[in-house]
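Asker: Output the structure for:
(2 chains)
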Amino acid sequence: MPPLEVLLQQAFNGLMLGVMYALVAVGFTLFFGVLDVIHFSHGDIFMLGAFAGLSLTFAWTAAGLTHPAVALCLTFVGAVLVTGLVGVLAERGCVKPLAKAPPLMTLLATLSLGLVIREAVLIFFPRGADPKPFPAMLPGGLFEVGGVVIRYENLAILAIGAACMVALDLLITRTRIGASIRAVAQDPEAAQMMGVDLDRTVDVTFFLGSALAAVAGVLNGLYYSEIHFIMGIMGGVIGFSAAAIGGLGNVYGAILGGLLFGVLQTLAAAFIPRGSEFRDVVAFAVVMVFMVLRPTGILGEKAVERV
Amino acid sequence: MVDLSRQVDRRELLRTGVTAGLGLAAFGLGPSAGAQAKKVVKLSFIGPLTGGTASNGLGGRNSFLLAVAERNADPKSKYRYETIVLDDECKPTVGVQAALKAGSEPEVIASVSHYCSVVAIATVDTMHKLGLPSMVWGAVLPEITYGHQYPEVTRVNGTMINQNHIAADFAVKKVGFKTFSIIHDTTDYGRGHAKYFTEGLEKVGGKVLSVTGTAKDQKDYTAELTKVKAEKPEVIYYGGLTPDGVRVKVQMDKLGVKAQLQGTSGIKSDTFIETAGASAEGVYCFTEGAPTEKLPGGKKFLEAYAKMGFKEPSEAYGPFAYVATHLMIDAIEEVGPDRAKVAEKLKRTKKRDTIIGPVEFDEHGQNIVPLITTYVVQDGKWVVWEDSEYAAGKRELPGLKFRRERG
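Answerer: Numbering: from 1, shown residues only, chains lettered A, B, ... in the order given. All right, here's what the predicted structure looks like:
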């Protein structure tokens, strides 16, 4: 394989990773934008989304639903609803009661919640300790463009990821609830004075962020054909780092950060000597450099509006 | 004059009679009373019960519990054996904590410990300091037994040296592969496999195109596999455990990497096949000892295991945990529940017939396993190579097919 083809293939690999990271990162940024909260169980919510999706595929199979496109749509809808609801409950149970406590308390509470979610999947999911095969629900097969191997399922994953991001953009910029989210992110007290229902807006934000994590979880299962109960640990750390690179509180920054992190990890593994051993080290070192040189992230200050 | 001494003698006699009567009742007349009088001896099991390698850990734990249950049911046993089961999560720090917990209980006389090499090597010093006899039942890193002179640590399974030399010989001489790209996790386990496999290849003339270390529990291997794909190896050798092995194989197929996957004993689990699905077909790997079902005692073991109603399969190393437990109990029965004496006795184990074949320890307490078995995945099952349709020529290994297609 000539070097250019290898480079393009690696860039494409990085893009695939980046799309999934971006969907997790957006949740972190939404929660931070609206409530100034770093919700550390978000990685495990992402894992829960994958397991919810897997459980639903069992349910559809048991119900005799054989049409893959319909089963896939229902899987996404079900996982989004389950995980979105868990996200709202997490906010009500862990974040809201600690609204007036020091930020460290919320951070510890969400970290603990993540542990509870993880252990619950381990204990209650049948043979929860084992990796689980995720059924193939996207079109199989592959083709090559200029030596770059592209699977049809990769295109579907990119399309679903892009659709989620466009939908999120439209929701935030064009809808009433989006305006409420932006208003609360700007100034919660002023937003309330202008008639914005703070509780409802926070609920919607947590539902939205968690729902995107569920989409990322299901996409992860479809991409790797396998999920594992510990996948949320690293997924959460990377999602948060991506949001921080992009600028916590900025949705577009989170998307950019996710893509950047995916590409960075891949290129580090591919082109630095012994890079595979240090792919995470390299990626997190870049995060640290960003934090030192530009603590607000890439789009943190330039954004006209937070969120 | 009243003879006081005579009165005392009568009292003594009465006491002696009552004591003797109770003693007789306890030891001779009632079997249930006899069983209750047995001294309790505790044995610990340490293995990965959660995390990526939990399926192997649970298989080992169940096999340990089966052996203990068998000995408790045996009326000839001098002691009643109780168990402590501890999870090392396949993490060194957790493993050391588990070893400390087991060793700090004086009633625990010996431990059947560790499937993961990274954990087993980390607890060696702890077992020695605690004076707790520990028999490794799955970890294959040579240093676990060869890196010290401690009498407490023995190992019932083989090491990765023998396994990898035979693996290299098989791939080059028997199957005819020539070029290899090695991917391994960067734990001592993965590095060791890569080292000894490379060593084995050098002896038989195989060519190593690249060696790539990756993080344990890494999710994405596309970057590494894209790099390796450009080298066009005939074989990708993976030195690591089941969860990562599954990812490497599945992602190989998704990226269109046309090479044979060769694994180590670390991927020999039912979970590998269940998770990798169709991608698992034609993958081969190597384990120490003979297949359980092929040994005279193996069938009995599998039947007894099934009778216990365990939810999880015994997996590749369950029989080793089973044998380790029986060896420990044999030693306790012979020398009594004394850690130092048990350690000494175990270390001198020679010529013992077991379900994993004859067990004989060298001066390091390492079982000199005479046999390595090659397995290949055929129709969703691990099949002994010699019994497979691949060996019979009815099917072609994926790597050979790719080589033929390339011309």
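Asker: CA only for contacts and neighbour counts going forward, please
Answerer: Noted.
Asker: Chain A against chain B: which residues are in contact?
Answerer: Contacts of chain A with chain B, taken as C-alpha under 8 Å from any C-alpha of the partner chain, map to A:1-2, A:6, A:9-10, A:13, A:122, A:129-133, A:149, A:151, A:224-226, A:228, A:230-231, A:266-267, A:269-270, A:274, A:276-277.
Asker: at 6 Å instead, please
Answerer: By the rule C-alpha under 6 Å from any C-alpha of the partner chain, the part of chain A lying against chain B is A:1, A:129-130, A:132-133, A:266, A:270, A:276-277.
Asker: Which pLDDT value goes with residue 6?
Answerer: With no chain named, the answer covers chain A. Note for residue A:6: predicted pLDDT of 88.
Asker: Chain B, not that one
Answerer: Here the pLDDT value assigned to residue B:6 is 39.
Asker: Then the one 10 residues further on?
Answerer: Among the per-residue scores, residue B:16 holds a pLDDT of 42.
Asker: And residue B:299, by the same measure?
Answerer: 88.
Asker: Strands of the chain, residue ranges please.
Answerer: Reading this off chain A. For chain A, the strands defined by DSSP state E cover A:132-133, A:142-145, A:148-151, A:226-227.
Asker: Not quite, go with chain B.
Answerer: Counting by DSSP E, the strands of chain B are B:39-47, B:79-87, B:108-113, B:134-136, B:153-155, B:179-185, B:207-214, B:235-239, B:260-262, B:284-288, B:352-354, B:357-359, B:372-378, B:381-384.
Asker: Select, out of the ones you listed, the one closest to residue B:125.
Answerer: The closest of the strands of chain B to residue B:125 is strand B:153-155. By C-alpha to C-alpha, the value is 9.3 Å.
Asker: mind listing what the residue of the stretch 201-307 of chain A found nearest chain B touches?
Answerer: Per C-alpha to the nearest C-alpha, residue A:277 is where the stretch 201-307 of chain A lies closest to chain B, at 4.8 Å. Residue A:277 makes contact with B:213-215, according to C-alpha atoms under 6 Å, 6 or more residues apart in numbering or on different chains.
Asker: Give the bridge partners for residue A:145, please.
Answerer: Bridge pairing for residue A:145 (DSSP bridges) gives the partners residue A:148.
Asker: Report how many residues lie close to it.
Answerer: The number of residues packed near residue A:145 is 9, by other C-alpha atoms under 10 Å in any protein chain shown.
Asker: Then residue A:24?
Answerer: Neighbours of residue A:24 under the rule other C-alpha under 10 Å: 35.
Asker: pLDDT weak spots in chain A?
Answerer: A:1-2, A:301-307 (pLDDT under 70).
Asker: Now do the buried residues in the longest helix seen in it.
Answerer: Looking across chain A with DSSP state H, the single longest helix is helix A:3-35. Applying a neighbour-count criterion of 16 or more other C-alpha atoms under 10 Å in any protein chain shown, one finds A:5-7, A:9-35 buried in helix A:3-35.
Asker: and what of stretch B:168-179?
Answerer: For stretch B:168-179, burial by neighbour count (16+ other C-alpha under 10 Å) applies to B:168-172, B:177-179.
Asker: and what of stretch B:291-310?
Answerer: Quick answer for stretch B:291-310 (16+ other C-alpha under 10 Å): B:291-292, B:297-298, B:301-302, B:305.
Asker: So what touches that stretch?
Answerer: For stretch B:291-310, contacts defined as C-alpha under 6 Å, 6+ apart pick out residue B:355.
Asker: Residue in the stretch 51-200 of chain B with the shortest distance to chain A?
Answerer: Nearest residue of the stretch 51-200 of chain B to chain A (C-alpha to the nearest C-alpha) works out as residue B:51 at 5.5 Å.
Asker: what's the neighbour count on that residue?
Answerer: 23.
Asker: And for the one 10 residues further on?
Answerer: Here the count is done by other C-alpha under 10 Å, and residue B:61 has 27 residues near it.
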